[in-house]
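Q: Sequence isn't available, so here's the structure alone:
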């Protein structure tokens, strides 16, 4: 058996489009035939004569413009703030919390404007990592769609008027005893909760309702029934040897993904001292980021998920000698579930089952399973609960009823967008009309806010004072890093003003902290503000035994059988719930699994597509529960048979020009079942429509490496036997004597001269075992290096500008004997349920770079520090370098993306340009660019060391991608520093390898082989 | 020593003696000024209130003995319960005047100087020496000479031509050679060209060479603004501040040691001195008032108002965005003096001017020949060893040797 890797269905089928992309990296249509036949003269937009006129004019204009330098003004501060030195970045510890994502962050500011978000390493919750969405939030600050003033019924007004009106109305409502409701996403901030309490004290008929766009309310209910604690526990994946996930994308989206990804990766990393890794088994419907990283993934229909959990409980209970329940039949999944149970039982006390299904019965069974496995106190901590996702679906249902009955007198909507995210959003919107006073705190006139009477825009998190308690006892503080850009006001200040106690929230917050957290922790406000986090001692995690009625739970599951085509709705790592949909960085971030940008789609398994006669891009009508949407088909290997999946967060109508009309809104297809939000459907009708095929902008087959073997993979078992397993090098014949031939490594046969080494030799290591493909690095790189957003059309032309990409390879075990060599047809069946490997690829900084030798103007050259340098101002755009690059990492600027209204993204408006990093050039049209290994950071780090007269400390200089990586899969360092982390990772006799070693281009980036833990399989 | 030499020595001694006597005569007046500048100027001016009151007519307000006591130790006078002293102290915001260890004669000199200054009439320019020196010495134009030379040459060639014609005529008349047939102008020109091919070829070659050289230099100077001396919104003189007053460059351009830009000082930095120095030697109060206006500062009350407007300086040194330059790298690590690139700002620049071409060639030239200051900087310890191995025999390495000519050092 040998493994075959492929990037997409197109490659397997050898589609015409794929062949075109493969053979011609820079495909473009040149109208040569028309020019030759002179047909174009009359029809072309620019006839030849006009072209010559333009040419002459532009030459003359350019030479005139070049002669006279413009007069530039330089305007210093009137009174310079003490902490600002122009040209030197300041970092402020802060908190990003938008009711969906939470991260303790450091905000990099230049001359008083935030330009990048980095992780705060002092936080033990997020450990210095941030995900793609938080990373991109700095661009949402400079979003032109934000409203600039408070609004009343669509007209701009001012705060005095708003305050006067609302206070008058509230007093009237309150004196009549009318119901006042505050609807918000999860409020993580203790100070905000106090503000709401103050407001409620003034207006006693107030009730605060929290709901999450993606709800996990069932977990809270189940924990209440099982253990008497209404909470979401803290998970400790790092303590787990066996992890079983059921429909739970905990690495990318579920509850606290940044935290879990770090913990998970810690159990997956291998080195000379750590020979063991966790085993991860995933049951799920859509191929998720988490599922694609699992050692074993089982695709199940949504209707089977209950059966999986119940049977897993039974199998574990049997092993534990506990009573079993009457579980629904699991069919052919039974053997796999039992194997899984054995794995878990063998790791008793170090096992963990997590489940993302918003169903109380299922969650009760999961709790019981974890309880039998002794997970509480070890891998699950219920004594220090997690405060993310406090949404309560029951409260929400009650509110919806009240609203529909017209019982609510005043409704305040904070940090959520119910008209968009609720399945009954439309009726919610209608109900707003029956409510006396409707106030939204949204930053834009979104779907909900535009239907409210008042919009009292809240600051962006980077403009606000804030705090958060993501976990019991773990607090973090947020401070503004820029003065408010518009006439907005913190929601807390608005509520305090209306409660009749107007206060500066900064003062309010500091007093609240001084009397609370700080006095308990015994530290001062300044220190807390500087560090951004205050962490109090944690409670001891106790063991819990489930006390819920499992038979009732099993009985509840028995009724839920699926029928027909089933579907699930999921979140993408970029867009998430859709609240930051107007962020072009997130829209252009390729989905880790499908590699599609700028769209959502209906993913179906290739097998189903074959049977139903659907092709990629066919528009189908998806009908469920009386709602119908038209959506393009995407053929996704790994999708459970007989199911489809659609991402949430798309199809916004009032988010701004970037997000509007991108994709389809799938929230109306979700439903409220038994008082809980349900993100799956059964009995879906899918009909092919007559609409023209839709082109999905997928990057998966762009920049392909021509089918060369570049991913190296092995199993834990093999690796333990031979650390070099899966990492065999190709050997070449070399004539050594008259008639003697020896086998040599490629690096031993070289035509190249060595470059003299200087003071450093920078390099990078990427651990394929730790990389989960989440894409945080891609956004970090875009933010750091001013990478432009090019839009859907350009992505379709393979012109995305991302300096790094995460290649996603599918693989399947395949015996070449079955088919002729090179005949991939036989792979079709195993390819329906493939394994997945992620491989981040950026410029490999070859010591003998092929790009350098072909550049006619020496615009790309080698540095004495091991870097492959790209000099934009020298480049004339021949693109020879990109043709000669074996890794396909070079990107060509087809347009002046920064000043071209055709690319109406952040770089084309004054506000959006504020996010640009002033230390990196904004590239012009017609030049090549590529990863520079964050040369600006290297230069800055070297300069700091030189100025202080000391050596560079290892880890002091870090690239943007390595810094943000939630799993620390990327390590950057200096090979010449003997004690550096990168040197300790390089192990020639182990997992280290260079991409395409046989070319002997000697990259400075190396990879560590992917290892899969298949050991449990043997034991079972 | 022979007699003539001795007498020369004596002769030279006489002016020396005179000079010494004269200089002794001036000592008192200068002493008063110097003493005033050293001890009083930080808080006092003659005609206006600074921290302390204006000193004009101080001797008429207070008697001499009291003044001596007050100047030597004002606090002691206040403590002694002197009403006049207490009132003076209270009137001036209770800012204590420090005790001065001055002799009576020295105080007298100061008072004499104050008296002399008080009697001076206010003149708008302040009568100070002209600080406005030409930035560049105007070279005398040479074209009038060339014109005269050309006229002379034309006259001479005209005379020579007429001599030649006369001689030809004479020769023809003598040898009875008939007059050549009259030629048209065109034929004459062609005839001349035929006879002077070498001259014409030479002229063409010269023209082509001149054109190319001229064109090359014109092209190379595009975008090079060496000597750029734009008008600035405030007539700030580096020559006065950095030269005469010896203020360190870093005092105002503090960013030069910390980051990439040296920075234009914010107006509050100006106020460190100009809160007290309200009148300049060149432009009086006119230019300093512009700082006050920017800060909405009222010098009579010493308060700042809300209508502050930044000063729009004209940028002189413009590096293109594609080049990254860091001041601290050069100033702190490279220990390069500011004047190396910015020229003798303290000696000659009343208006700041771009001294260096700021072209890449100019940067590279310096990187090629400037040794790196490696000693005493632990960053370079290992690097120095590597370089010694790579280039045996060398101990001093230039910026080029540590990769200072590589593209990505400045372009990213």
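A: Thanks, I have the structure now. All values reported here derive from a predicted model rather than from experimental measurement. Numbers count the residues shown, from 1 in each chain, chains lettered A, B, ... in the order given.

Q: can you give me the strands for the stretch 301-412 of chain B?
A: B:303-304, B:313-314 (DSSP state E, counting those that start in this stretch).

Q: other SSEs contacting the last one?
A: Under the contact criterion of 3 or more C-beta pairs under 8 Å, 6 or more residues apart in numbering or on different chains; DSSP states H and E, strand B:313-314 touches strand A:73-74. Every C-beta, even on glycine, is put in place using the N, C-alpha and C of the backbone.

Q: Can you name every helix or strand that the strand it packs on contacts?
A: Partner elements for strand A:73-74 (3+ C-beta pairs under 8 Å, 6+ apart): strand B:313-314.

Q: Near chain B, which residues of the stretch 1-150 of chain A? Just list them.
A: Applying C-beta under 8 Å from any C-beta of the partner chain, we find that the stretch 1-150 of chain A lies next to chain B at A:66-67, A:69, A:71-80, A:85-88.

Q: From those residues, keep the buried residues only.
A: Using 16 or more other C-beta atoms under 10 Å in any protein chain shown as the burial test, these include A:76-78, A:80, A:85-88 as buried.

Q: Just the terminal-to-terminal distance for stretch A:921-937.
A: Start and end residues of stretch A:921-937 are separated by 14 Å (C-alpha to C-alpha, to the nearest Å).

Q: can it be found next to chain B?
A: Yes: applying C-beta under 8 Å from any C-beta, one finds that stretch A:921-937 is in contact with chain B at A:921-922, A:932, A:935-936.

Q: Skipping its backbone neighbours, what lies nearest the residue nearest the centre of chain B in space?
A: Most central in chain B under C-alpha atoms, centre = their mean is residue B:349, positioned 2.0 Å from the mean C-alpha point. Distances taken as C-beta to C-beta, 6 or more residues apart in numbering or on different chains place residue B:238 nearest to residue B:349, at 4.7 Å, with adjacent residues excluded.

Q: show me the contacts for the residue in the stretch 401-550 of chain A that chain B sits nearest to.
A: Going by C-beta to the nearest C-beta, chain B is nearest to residue A:483 of the stretch 401-550 of chain A, at 15.9 Å. Going by C-beta atoms under 8 Å, 6 or more residues apart in numbering or on different chains, residue A:483 touches A:112, A:463.

Q: Please apply the same query to residue A:748.
A: Applying C-beta under 8 Å, 6+ apart, we find residue A:748 in contact with residue A:734.

Q: and the gap between it and residue A:889?
A: 26 Å (C-beta to C-beta, to the nearest Å).

Q: Quick one, grab the pLDDT at residue 364.
A: Using chain A here. Model confidence at residue A:364, given as pLDDT, is 90.

Q: my bad, the chain I had in mind was chain B
A: 93.

Q: measure it to chain A for me?
A: Distance check for residue B:364 against chain A: by C-beta to the nearest C-beta, to the nearest Å, it reads 14 Å.

Q: pretty sure that residue contacts residue B:409?
A: No: counting by C-beta atoms under 8 Å, residue B:364 sits too far from residue B:409 to count as a contact (10.8 Å).

Q: circling back: now render the residues of stretch A:921-937 next to chain B as JSON lines, adding distance to residue A:638.
A: Formatted as JSON lines, the residues of stretch A:921-937 next to chain B follow (distance: C-beta to C-beta, whole Å):
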{"residue": "A:921", "distance to residue A:638": "41"}
{"residue": "A:922", "distance to residue A:638": "39"}
{"residue": "A:932", "distance to residue A:638": "35"}
{"residue": "A:935", "distance to residue A:638": "38"}
{"residue": "A:936", "distance to residue A:638": "39"}
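
Q: tell me which of these is nearest to chain B?
A: residue A:935 (4.5 Å).

Q: Tell me how many other residues crowd the residue of the stretch 101-250 of chain B at minimum distance from chain A.
A: Nearest residue of the stretch 101-250 of chain B to chain A, counting by C-beta to the nearest C-beta: residue B:222, 5.0 Å away. Per other C-beta atoms under 10 Å in any protein chain shown, the neighbour tally for residue B:222 reads 11.

Q: how about it, secondary structure?
A: Applying DSSP: H, G, I helix; E, B strand; the rest coil to residue B:222 yields a three-state assignment of coil.

Q: okay, it: pLDDT?
A: Model confidence at residue B:222, expressed as pLDDT, equals 76.

Q: Can you give me the distance of it to residue B:324?
A: Residue B:222 sits 22 Å away from residue B:324, going by C-beta to C-beta.

Q: any weak-confidence spans in the stretch 101-250 of chain B?
A: Scanning the stretch 101-250 of chain B with the threshold set as pLDDT under 70 gives B:121-140.

Q: how about the residues of it near chain A?
A: Counting by C-beta under 8 Å from any C-beta, the residues of the stretch 101-250 of chain B near chain A are B:222-223, B:225, B:228, B:230.

Q: Mind telling me the two of those residues farthest from one another?
A: Spanning the widest gap among those are B:222 and B:230, at 18.3 Å by C-beta to C-beta.

Q: hmm, back to that, distance-wise, check the residue nearest to the centre of chain B relative to residue B:239.
A: When C-beta to C-beta is applied, the distance between residue B:349 and residue B:239 equals 6 Å.

Q: secondary structure element for the residue of the stretch 401-550 of chain A closest to chain B?
A: Following DSSP states H and E, one finds residue A:483 outside all helices and strands.

Q: Can you give me the pLDDT of it?
A: pLDDT, residue A:483: 91.

Q: Over to residue A:476?
A: On the pLDDT scale, residue A:476 is placed at 93.

Q: Give me the phi and psi for it.
A: Main-chain dihedrals, residue A:476, degrees, to the nearest 10: phi -140, psi 150.
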